[in-house]
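In: requesting a structural model of the entry that follows:
(2 chains)
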Amino acid sequence: MPSALVGSQLTIERGHRAVIRSLSFRAVAGEALVLTGPNGAGKTTLIRAIAGFLPLAAGVLKLEGGDDDRDLGEQCHYVGHANAVKANLTVHENLAFWAGYLGSDAASVPGALEAFSLTDLARAPAAMLSAGQRRRVGLARLLVARRSVWLLDEPTVSLDATSVRLLAEAVTRHCASGGIAVAATHLPLGLDNARELRLGDPSAEAA
Amino acid sequence: MAAFLVLIRRDLSLALREGSALGTALGFYLVVVALMPLGLGPDLKLLSRIAPGILWIALLLAALLSLPRIFEGDFEDGTLEAMALGPLPLELATAAKCLAHWISTGLPLALMAPALGLLLNLELVAYPVLLATLFSGTLAISFLGGIGAALTLKARRGGLLIALLVLPLYIPTLIYGIATIAAVVTPPGDPVASFMILTAISLASVALGPIAAAAAVRAQLG
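Out: I've put the predicted structure just below:
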């Protein structure tokens, strides 16, 4: 089990402009790191860099105690602005695909459906779902395969209050079992074990 | 390996449910070939002489229409990002998607070609070799096409750009495909040698195309 996700002196550029400059942070196992900050502060940029989609201009990202044979990104779940839900597959088929693709067991699907109260919608084509329901299917992917780091970019978008609570419970359970979560959000998630990392403010640095 | 098969199965079932893509490609192929006799006149000798070339070129164009679908849907709904973090190397994921494109579009187009040969008075002896060259050549079409599809993911109106990027890559396949048929229809010539070169090009595309496509996908995700 990894013990901490550590970034030291990270500089990340987008279009030759440093969006994040010399940022250091440490997200320890069992804890959720909540990224806050105004629009354009670099929340998405940081999350995408952790996932490995963006190169680091400087600095080091490391998962302490992680699996050295696998990339950091391969030990992460990433839920971004898009849900990775196929409209022409049913809810169950969507999650069963991810279970198979991510090397997990299809037996994990019912539990994931349950956790986001999607069980009744399992046979519905994803095209029929509302935006919030699709979001929940996208989030249920977090639960079909076990991965130690969750990267959540604005996970609460289009979720109602009940669903936000379900998400908070899922994140809490993940952290309680030794997982790490990094979430960018404008709304409070209602997590107990969360620490805030405020971006876009040069003096802010969570150690 | 399990993930590879899971991905192919998903792409095929999606292609089956979004049947319009295949319908468009097959319909386009039919219409383009059917227009030829109307444009060229009812000269059966002329038609039968140019039939292999028309069948090949129209197939390239029909396949071109379907290429953006290889990655577009998965890019737009975020699936490609989640896939990039999967245990399967992105090179194999792109290979699976190109293979699914071949099965769902390349093969049906190749199978339709003999039927369209009837419209062009294709010589009887040319049917088996036409089918053989198209089976082999459509592999190159799908796997080289994947490169173009990946490169144009972020481009607006990428369909036109794909044509410019990919059609030149199809030139060797076209040349050796036609050369094989010509060697059978108008001897002398060595159809086996041409066919082996055609197949070598296809196999090289299968091996190298996904690597280039994966690099392009990575660049587009950044």
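
In: just checking, B:Val217 touches B:Ala149?
Out: No: counting by Cβ atoms under 8 Å, B:Val217 sits too far from B:Ala149 to count as a contact (9.4 Å). Glycine gets a C-beta too; all of them are placed from N, C-alpha and C.

In: overlap in contacts of those two?
Out: Shared contacts of B:Val217 and B:Ala149 (Cβ atoms under 8 Å, 6 or more residues apart in numbering or on different chains): B:Phe71.

In: between these two, who's got more neighbours?
Out: Neighbours were counted for B:Val217 and for B:Ala149 using other Cβ atoms under 10 Å in any protein chain shown; B:Ala149 has more, 30 against 27.

In: what about the more buried one, which SS state?
Out: At B:Ala149, secondary structure determined by DSSP: H, G, I helix; E, B strand; the rest coil is helix.

In: tell me which residues touch it, please.
Out: Neighbour list for B:Ala149: B:67-72, B:162, B:213 [criterion: Cβ under 8 Å, 6+ apart].

In: what do you get if the cut-off is 10 Å, keeping everything else the same?
Out: Neighbouring residues of B:Ala149 by Cβ atoms under 10 Å, 6 or more residues apart in numbering or on different chains: B:66-72, B:75, B:94, B:97-98, B:101, B:142, B:158-159, B:162, B:165-166, B:213, B:216-217.

In: those residues: which ones sit near chain A?
Out: When contact is defined as Cβ under 10 Å from any Cβ of the partner chain, the contacts of B:Ala149 meet chain A at B:Phe75.

In: which members of the contacts of B:Ala149 are classed as buried?
Out: Buried by 16 or more other Cβ atoms under 10 Å in any protein chain shown: B:66-72, B:75, B:94, B:97-98, B:101, B:142, B:158-159, B:162, B:165-166, B:213, B:216-217, out of those.

In: what is the helix or strand containing A:Leu63 packed up against?
Out: When elements are assigned from DSSP states H and E, A:Leu63 belongs to strand A:58-64. The criterion is 3 or more Cβ pairs under 10 Å, 6 or more residues apart in numbering or on different chains; DSSP states H and E, and the helices and strands that strand A:58-64 contacts are strand A:4-14, strand A:17-28, helix A:43-51.

In: chain B: which of these is closest?
Out: Closest approach to chain B among the helices and strands packed on strand A:58-64 (Cβ to the nearest Cβ): helix A:43-51, 6.3 Å.

In: which other helices and strands does that closest one contact?
Out: Contacts defined by 3+ Cβ pairs under 10 Å, 6+ apart place helix A:43-51 against strand A:4-14, strand A:17-28, strand A:32-36, strand A:58-64, strand A:76-79, strand A:149-153, strand A:180-184, helix B:79-84.
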